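> how would this look folded up:
(2 chains)
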2 protein chains.
Amino acid sequence: MKNIRHIYYVSENTGLLAKDSGKSLLCQFPGVEFQEELLPFIRTKDDAQRTINAIREKCGEEKPIIFSTIFDPEINKILQHEDVILLNICEPFLTQLEGMLGKNALRASGHSRNVDQQIMSNRVDAIHYTISHDDGTAIMDYEEADLIIVGVSRSGKTPISVFLATQMGIKTANYPLVEQDLTFCQLPEDIIKNKHKVVGLSISPDVLHTFREQRYKGSHYAQMSTCKRETLQSKRIFEKYDLPVVFSDARSIEETATQVAQELSKQWNPIF
Amino acid sequence: MKNIRHIYYVSENTGLLAKDSGKSLLCQFPGVEFQEELLPFIRTKDDAQRTINAIREKCGEEKPIIFSTIFDPEINKILQHEDVILLNICEPFLTQLEGMLGKNALRASGHSRNVDQQIMSNRVDAIHYTISHDDGTAIMDYEEADLIIVGVSRSGKTPISVFLATQMGIKTANYPLVEQDLTFCQLPEDIIKNKHKVVGLSISPDVLHTFREQRYKGSHYAQMSTCKRETLQSKRIFEKYDLPVVFSDARSIEETATQVAQELSKQWNPIF
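Residues are numbered from 1 along each chain as shown, chains lettered A, B, ... in the order given. Below you'll find the model as predicted:
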C-alpha cells in the first residue's frame, strides 16, 4: 500500500495563504502522495484544542504535517504537539521583519490583508463590471473598462477576465473576434478608441481545436482548418493595430492573467 | 517626510504567492508605509541580474526588502546582493520538508501548483457556469450546480460566487430573493429540489442600506425600512427551509467565501 502523508492547513482566517504556500512546497515532491485538509477560522484556544485532537485521531504511522499561519503564541503552543509536525510559515519572517523595521508586529488575530474597505469595494465593482461585459456585451461602455481582452472564441478570455477582476480589482471587458472582424481585419470603433487598454489573447490552433471539440464536437467551428484560419486572422488584427499579445496556451489562469496585467502595467500600474 | 520602505515581490512564476505572503506579514506593521512592486517571471540569471540592477537603482536610504519564492540556487545567488534584504519564503521549509519526507525536492523552475490540466479545466468550466447563472439566470439548470447561494439583492452573492468558481472550481449559481419570494416566504421549486446545496447569504440592514445607497441613492429600494423588512423576510425563508446561513457583513470576499465553502463541505468536500 502506498504511503499517504496527511497535511493540514490551519489558520486564524481563511487558510488560503497556508494552502497556497503548502501546495507550492508539496508540488516539489511529485513522488509523494498527500491527503490535504483545510481547517480555517481557528481563533481560540478551544478551537486549537479541538483541532489538534481531531488531527491526532486521524494520525497514521507517520506524523501529520501542519502548515499554519497563526501568530498567536498561546494557540501555537497548543498546536505544537509531539504527535504532529508544525510548520509555522509566517512566524520566522515576522521576527526577522521586526528586527529590520525596528517595530513590534501586531500579531493580531484576524488582522487580514484583505479587509481594506476601499480595495474590497473596487474588487466588487470590478467583478460586477466584468460579468456584465463578458463576451462582447455592452461594448458601448468600454470607456469605463480598465482593460479590454480581445481574442477568438474559446481562447480563454473569460477566466482571465474574471481572475483579474477578482484578484486585482481590474475592470476587465472581453470581446470575441467574430467572423466579420476576422474577415475584414477590422476592430469595432468602440475598441479602436480605447486601444491603449486593449490586450490581444493568442492561442495555438491545436489547443483551440481541443477546447472547441470539448464543447461542440465535430462542428465546423471546432474543425482544425477553422481554428488555423481564425488564429492566423486574429494575429493579423493584433499586428494591424499594434496590440500587445499574450499567449494562453496550456498555462494556468494565474500565469496568463499575470502576463496580461504586466502588459497593461506598461501603460499604468494596476497591480497595487 | 515619512520614511517609505520599498518592497519587491520576486518570483519565477506569477509572484502571487510572494505577494500574498508578503502582504500578510506587512499588514502586521500598520505604522510603516510600504511601496510595493511585483516582479514576476524571473526565470534566468539574466532576468535576475536585470532585476537586482533595477532595484538597486531605485534604492533609498534604507535597504529594500525582497520577498522571493525562487528555488533556483544560481538565481538566488544573484538576488542575494549586499544592497538588499532577501527573504526567501519557500527555501527554509523546502529544506525541512526534504528531511521529513526523506526525499529531494525538485527545485524546478516554473513547476507550479496551478497547472494540473484537470483542475484547470474544472475551474474554467466553473467560471463559465457561474457567469451564466448569476443573479437568478437559468434557474432550470440548477441540477448541474455544486452550490446555490440565495440572498436579497446586493447582499454580495456575485463576488462570493465568482471567487468560489475561480479559486476552488465550484460551479456556483446565485439567486436573488425577489419581492414575491419574500412576501410569500417561499422559494422557487427549482431551488427547493436542490436544497442540499443551497446556502443562505445574510447581511445586516445597515450594511445593505449602505450598499444600495451607493448604487441607487434615495430610492425606495435603498431605504432603511426596505432593507430592514427584506433582511427579516430572508431570515424567515432561511429558517423555514432550514438552510445553513453565512453572514457577509463587512468582511473580505475570501473570508465569506471560505465560510460558504465550509457550510457546503458539511455535505461533501469541495475544497481539495
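
> Please make it C-alpha for all contacts and neighbour counts, starting now.
OK.

> so how far is residue A:148 from residue A:252?
Note on residue A:252: its distance to residue A:148, by CA to CA, to the nearest Å, is 20 Å.

> what does residue A:239 give?
Residue A:239 sits 16 Å away from residue A:148, going by CA to CA.

> what are the ranges of the strands in the stretch 151-272 of chain A?
Remark: strands assigned in the stretch 151-272 of chain A by DSSP state E, counting those that start in this stretch are A:172-176, A:198-202, A:245-247.

> helices or strands next to the first one in the packing?
Counting contacts by 3 or more CA pairs under 8 Å, 6 or more residues apart in numbering or on different chains; DSSP states H and E, strand A:172-176 packs against helix A:117-132, strand A:147-151, helix A:157-168.

> re earlier: among the strands of the stretch 151-272 of chain A, single out whichever gets nearest to residue B:245.
Nearest of the strands of the stretch 151-272 of chain A to residue B:245, taken as CA to CA: strand A:172-176 at 31.1 Å.

> quick one on the thing from earlier: between residue A:252 and residue A:148, who's got more neighbours?
residue A:148 (27 against 21; other CA atoms under 10 Å in any protein chain shown).

> wouldn't the more buried one be in contact with residue A:175 here?
Yes. Under the criterion of CA atoms under 8 Å, residue A:148 makes contact with residue A:175 at 7.2 Å.

> Is any residue of the helix or strand harbouring residue A:92 near chain B?
For residue A:92, the host element (DSSP states H and E) is helix A:91-101. Yes. Helix A:91-101 is in contact with chain B by CA under 8 Å from any CA of the partner chain, via A:93, A:94.

> Which parts of chain A are helices?
With DSSP state H applied, chain A shows helices at A:16-26, A:45-58, A:73-79, A:91-101, A:117-132, A:157-168, A:179-184, A:189-192, A:205-215, A:224-240, A:253-265, listed in chain order.

> Can I get the ones you listed in TSV including mean neighbour count?
As requested, these are exported to TSV (neighbours: other CA atoms under 10 Å in any protein chain shown):
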stretch	mean neighbour count
helix A:16-26	22
helix A:45-58	15
helix A:73-79	16
helix A:91-101	15
helix A:117-132	19
helix A:157-168	26
helix A:179-184	14
helix A:189-192	14
helix A:205-215	17
helix A:224-240	18
helix A:253-265	21
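
> who wins for proximity to residue B:259 among those?
So among those, helix A:16-26 is nearest, using CA to CA, at 11.9 Å.

> Quick one: mean pLDDT for the closest one?
The average pLDDT within helix A:16-26 is 93.

> List of residues touching that helix?
Residues outside helix A:16-26 that contact it (CA atoms under 8 Å, 6 or more residues apart in numbering or on different chains) are A:9-11, A:38, A:67-69, A:89, B:17, B:20-21, B:90, B:93-94, B:112-113.

> ok, which pair from those residues is furthest apart?
Going by CA to CA, the pair spanning those furthest: A:11 and B:112, at 22.7 Å.

> Compare these two and say which is more crowded by neighbours.
residue A:11 (25 against 19).

> And stretch A:65-75, what's buried?
A:65, A:66, A:67, A:68, A:69, A:70, A:71, A:72, A:75 (16 or more other CA atoms under 10 Å in any protein chain shown).

> What of stretch A:131-141?
Quick answer for stretch A:131-141 (16+ other CA under 10 Å): A:131, A:132, A:133, A:134, A:135, A:136, A:137, A:139.

> go on, stretch A:29-42?
A:29, A:34, A:36, A:37, A:38, A:39, A:40, A:41, A:42.

> what residues are up against the first one?
Contacts for residue A:29 (CA under 8 Å, 6+ apart) come out as B:103, B:104, B:105, B:106.

> Let's see that with 6 Å instead.
Residue A:29 makes contact with residue B:105, according to CA atoms under 6 Å, 6 or more residues apart in numbering or on different chains.

> Tell me how far it lies from residue A:90.
22 Å.

> again with the fourth one
Using CA to CA, one gets 19 Å for the distance from residue A:37 to residue A:90.

> where does the closest residue to residue A:133 other than its chain neighbours land on pLDDT?
Nearest non-adjacent residue to residue A:133, counting by CA to CA, 6 or more residues apart in numbering or on different chains: residue A:173, 5.0 Å away. You'll see residue A:173 listed with a pLDDT of 98.
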